[in-house]
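Visitor: This is a predicted model, with the sequence first.
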Amino acid sequence: MALRALVASKALRLGLQSEPRIRAHSRGLQTFSLPDLPYDYGALEPAISGEIMQIHHQKHHQAYVTNYNKALEQLHDAIGKGDAAAAVKLQSAIKFNGGGHVNHSIFWKNLTPVSQGGGEHPHGKLGWAIDTNFGTFEALVQKISAEGAALQGSGWVWLALDKEFNKLVVETTANQDPLVTKGASLVPLLGIDVWEHAYYLQYKNVRPDYLKNIWKVINWKYASEVYEKESP
Ligand SMILES: [Fe+2]
């Protein structure tokens with residue numbers, strides 16, 4: 001498979017088909033770049049501090065992008081040399097760093113300042129689906145918060161649309177595994193980062209407090225738009 005096609009295939013499987021920040025590499029390899037945040041670093045305060053947002057975006061997300069591109073370049077070289085073992089060896093780095101890029105790109109869109117509707121409950125089709133699947137909006141929030149707090153180590157807690165069964169589900173993924181690793185029919189509507197780097201500077205070791213306050217800046221409008229686009 002030509003490298004360009006292989007990268008495009010990988011991007012599709014990771015849900016990056018709409019990824020806007022792809023640039024042509026000098027060696028002909030397409031690479032990924034850090035997306036801009038749609039708000040200022042301090043715009044989510046007091047729920048999430050500007051210091052956390054800046055480090056999270058500029059350092060952590062940038063590192064995933066850098067290492068994803070590095071792994072893809074190495075894959076390019078391995079394929080060019082016909083080195084199958086080296087290509088397989090790179091899969092964990094591609095999954096971890098590519099997953100980190102995919103997950104954080106979603107996470108930034110899942111947040112928005114209170115002045116722009118952060119925390120406003122979902123209405124319309126998604127609001128109705130939440131009531132149908134979880135009883136009440138409050139019950140959903142409680143479930144996501146509880147599962148996020150209980151997740152051992154680092155990972156993510158998700159609200160997803162399962163397109164196969166046309167229902168909403170709550171899932172968790174370890175490390176930087178993207179949601180698609182839990183099922184090909186799962187579409188992420190909302191992903192919450194429960195790595196310590198997402199909250200430690202402000203909330204120290206009290207992850208439940210972070211999960212209590214993050215609801216004040218959740219962008220349900222974005223989740224609703226994805227749901228309405230993806231639901232059958
Ligand atoms: Fe993160």
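Guide: Good, I have the coordinates. Just so you know, these numbers come straight off a predicted model, no measurement behind them.
Visitor: Dihedrals phi and psi, the residue of the chain found nearest the ion?
Guide: In the chain, the residue that lies nearest the ion is residue 193 (4.1 Å; Cβ to the ion). The way it works is simple: take the backbone N, C-alpha and C, and place the C-beta from them, glycine included. Residue 193 adopts backbone torsions of phi -80, psi 120, taken as degrees, to the nearest 10.
Visitor: Please list all residues in contact with it.
Guide: Contacts for residue 193 (Cβ atoms under 8 Å, 6 or more residues apart in numbering) come out as 56, 103, 104, 107, 156.
Visitor: one more time with 7 Å
Guide: 107, 156 (Cβ atoms under 7 Å, 6 or more residues apart in numbering).
Visitor: Tell me the bridge partners for it.
Guide: Taking DSSP bridges as the rule, residue 193 bridges to residue 156.
Visitor: can you give me the helices for this protein?
Guide: If DSSP state H is used as the criterion, the helices of the chain fall at 3-13, 50-55, 62-81, 84-89, 91-109, 124-134, 137-150, 200-203, 207-213, 220-230.
Visitor: can you list these in CSV and add mean neighbour count?
Guide: Converted to CSV, the helices of the chain look like this (neighbours: other Cβ atoms under 10 Å):
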stretch, mean neighbour count
helix 3-13, 14
helix 50-55, 16
helix 62-81, 18
helix 84-89, 12
helix 91-109, 20
helix 124-134, 16
helix 137-150, 16
helix 200-203, 16
helix 207-213, 18
helix 220-230, 17
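Visitor: Pick out the shakiest of these, pLDDT-wise.
Guide: Mean pLDDT values for those show the minimum at helix 3-13, a mean of 40.
Visitor: how about stretch 41-50: buried residues?
Guide: For stretch 41-50, burial by neighbour count (16 or more other Cβ atoms under 10 Å) applies to 41, 43, 44, 45, 47, 48, 49.
Visitor: residues making contact with that stretch?
Guide: Counting by Cβ under 7 Å, 6+ apart, 53, 54, 111, 113, 201, 202, 213, 214, 216, 217 sit against stretch 41-50.
Visitor: Output that stretch as PDB, nothing but the C-alphas.
Guide: C-alpha atoms of stretch 41-50 as PDB (Å, rounded to 0.1, in the frame of the first residue of the first chain):
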ATOM      1  CA  TYR A  41      -6.400  29.500  27.900                       C
ATOM      2  CA  GLY A  42      -8.000  31.300  30.800                       C
ATOM      3  CA  ALA A  43     -11.500  31.300  29.400                       C
ATOM      4  CA  LEU A  44     -12.600  28.200  31.300                       C
ATOM      5  CA  GLU A  45     -11.700  29.600  34.700                       C
ATOM      6  CA  PRO A  46     -12.600  29.000  37.500                       C
ATOM      7  CA  ALA A  47     -13.500  25.400  36.400                       C
ATOM      8  CA  ILE A  48     -10.200  24.800  34.700                       C
ATOM      9  CA  SER A  49      -7.200  27.100  35.300                       C
ATOM     10  CA  GLY A  50      -5.500  28.900  32.400                       C
END
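Visitor: Tell me how far that stretch lies from the chain's centre.
Guide: 19 Å (Cα atoms, centre = their mean, to the nearest Å).
Visitor: got the contact list for the most centrally placed residue in the chain?
Guide: Residue closest to the average C-alpha location in the chain (Cα atoms, centre = their mean): residue 103, at 2.0 Å. By Cβ under 7 Å, 6+ apart, residue 103 lies in contact with 156, 176, 178, 191.
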